[in-house]
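# Below are the sequence and a predicted model for it; my questions follow.
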Amino acid sequence: MYKKALEFEKVTFSYEESRGAILESLNFDIKEGEFVSIVGASGSGKSTLFRLITGLEIEQTGRILINGQQHHSRLGHVGYMPQEDLLLPWRTILDNAALPLELKGVAKGKAYAQVKELLSEFGLEGYEHRFPANLSGGMKQRVSFLRSVLSGSNVLLLDEPFSALDAITRLSMQEWLLEQWQKRKQTILFITHDVQEALFLSDRIFIFDKQPLKEFQQVKVPLERPRSLQDIDRPEIVKLKHQLMEELRMKVDA
Ligand SMILES: Nc1ncnc2c1ncn2[C@@H]1O[C@H](COP(=O)(O)OP(=O)(O)OP(=O)(O)O)[C@@H](O)[C@H]1O
């Protein structure tokens, strides 16, 4: 039996009961060290799922377990990287990256030392005293990722982290993320609108349909690791990509 990093057991959630449930008795689990992407139409509940996992929203019924444990408050038990980098413009890169440690009460000197150890791996060495406005989009996302890694959790939730980047930067960030994931062996849950990105990165893809979300289709990506960007051009993967895009289109039209 594999170790589970995240479990949903019969989870039901609605923002307002009168408007119906977003999730209804939903069950799924994610293995420790797995990379799972979620694709689905706008409004299908992807961000709501993240808000539940982070503890920003609370389920009405059912259980959510992180590393096999149900927490009274889930806040701080997962690393979360939002769509926009949310770096504080008045703080340097060093101070932005040290924020989760500071919030945990780690002394400033110790927090800086931990950040500095990782700067070169994140391609940020020499930039630590700059402010976010003086960094490229890809670099800002790396600072944001560094911050979620420093949260200390082995479960990371990434909400369309590369959607605002240009195509070339996006591809190099995808490769970089895979390298980091392979090195750190964290569990990643990744929201994207890009089926090709999901295929390149993931072990499994969850396809969210209409609400209420009771169950969803899952696809296991038939690619071994390590992967390179050329793998995406294999005929069987191109075929799967078109199939998934067609299914998503039909769900939107339905
Ligand atoms: N704070 C809120 N209060 C009430 N309803 C909400 C709230 N946030 C989201 N919703 C509704 O919940 C449903 C799911 O929204 P959610 O943001 O989870 O979708 P999504 O799949 O992340 O969409 P997108 O791809 O556009 O980000 C939508 O119908 C949305 O209108």
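Sure thing, it's come through.
# Helices along this structure, start to end?
Remark: helices assigned in the chain by DSSP state H are 46-54, 93-97, 99-103, 108-119, 137-150, 167-184, 195-201, 235-253.
# Output these in CSV, with mean neighbour count and distance to Phe8 appended to each entry.
Glycine gets a C-beta too; all of them are placed from N, C-alpha and C. Output for the helices of the chain, formatted as CSV (neighbours: other Cβ atoms under 10 Å; distance: least, Cβ to Cβ, whole Å):
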stretch, mean neighbour count, distance to Phe8
helix 46-54, 21, 8
helix 93-97, 23, 31
helix 99-103, 16, 25
helix 108-119, 15, 31
helix 137-150, 21, 21
helix 167-184, 16, 22
helix 195-201, 22, 20
helix 235-253, 13, 21
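# quick one: low-confidence ranges for the stretch 151-254 of the chain?
254 (pLDDT under 70).
# gap between Ser136 and Val115?
Taking Cβ to Cβ, to the nearest Å as the measure, Ser136 falls 19 Å from Val115.
# Within range of the ligand, give me the residues from the stretch 1-150 of the chain.
For the stretch 1-150 of the chain, the residues in contact with the ligand (Cβ under 6 Å from any ligand atom) are Tyr15, Ile22, Gly40, Ser42, Gly43, Ser44, Gly45, Lys46, Ser47, Thr48.
# please redo it, this time with the cut-off set to 5 Å
Neighbours of the ligand within the stretch 1-150 of the chain, by Cβ under 5 Å from any ligand atom: Tyr15, Ser42, Gly43, Ser44, Gly45, Lys46, Ser47, Thr48.
# So what's the residue count around His77?
Neighbourhood size, His77 [other Cβ atoms under 10 Å]: 18.
# what are the phi and psi angles of it?
phi -90, psi -10 (degrees, to the nearest 10).
# in stretch 76-93, what's buried?
Gly76, His77, Val78, Gly79, Tyr80, Met81, Asp85, Leu87, Thr92, Ile93 (16 or more other Cβ atoms under 10 Å).
# Relative to the ligand, which of these is nearest.
Using Cβ to the nearest ligand atom, Tyr80 comes nearest to the ligand of the buried residues of stretch 76-93, at 13.8 Å.
# My read is that that closest one contacts Ser47, right?
No: using Cβ atoms under 8 Å, Tyr80 makes no contact with Ser47, being 11.0 Å away.
# anything in contact with each of these two?
Asp159 (Cβ atoms under 8 Å, 6 or more residues apart in numbering).
# Now do the buried residues in stretch 35-46.
Phe35, Val36, Ser37, Ile38, Val39, Gly40, Ala41, Ser44, Gly45, Lys46.
# List the residues that contact the fourth one.
I take that to be Ile38. Counted by Cβ under 8 Å, 6+ apart, Ile38 has contacts Lys46, Leu49, Leu189, Phe190, Ile191, Thr192, Ile205, Phe206, Phe208.
# Could you say which of these is surrounded by the most neighbours?
Most neighbours among these, by other Cβ under 10 Å: Leu49, with 27 neighbours.
# OK, contacts around that residue?
Taking Cβ under 8 Å, 6+ apart as the test, what Leu49 contacts is Leu23, Ile38.
# The one 4 residues further on too?
When contacts are counted by Cβ under 8 Å, 6+ apart, Ile53 is found next to Leu6, Ile64, Ile66, Arg74, Val78, Val155, Leu157, Leu189.
# same check, this time on His77
Gly55, Ile66, His71, Ser153, Val155.
# my read: the third one touches Ile58, true?
It stands for His71. No: the pair His71 / Ile58 is not scored as a contact, 11.2 Å apart, by Cβ under 8 Å.
# TSV please, covering the helices of the chain and showing distance to Pro222.
Listed next are those as TSV, based on distance: least, Cβ to Cβ, whole Å:
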stretch	distance to Pro222
helix 46-54	24
helix 93-97	37
helix 99-103	36
helix 108-119	33
helix 137-150	27
helix 167-184	17
helix 195-201	9
helix 235-253	7
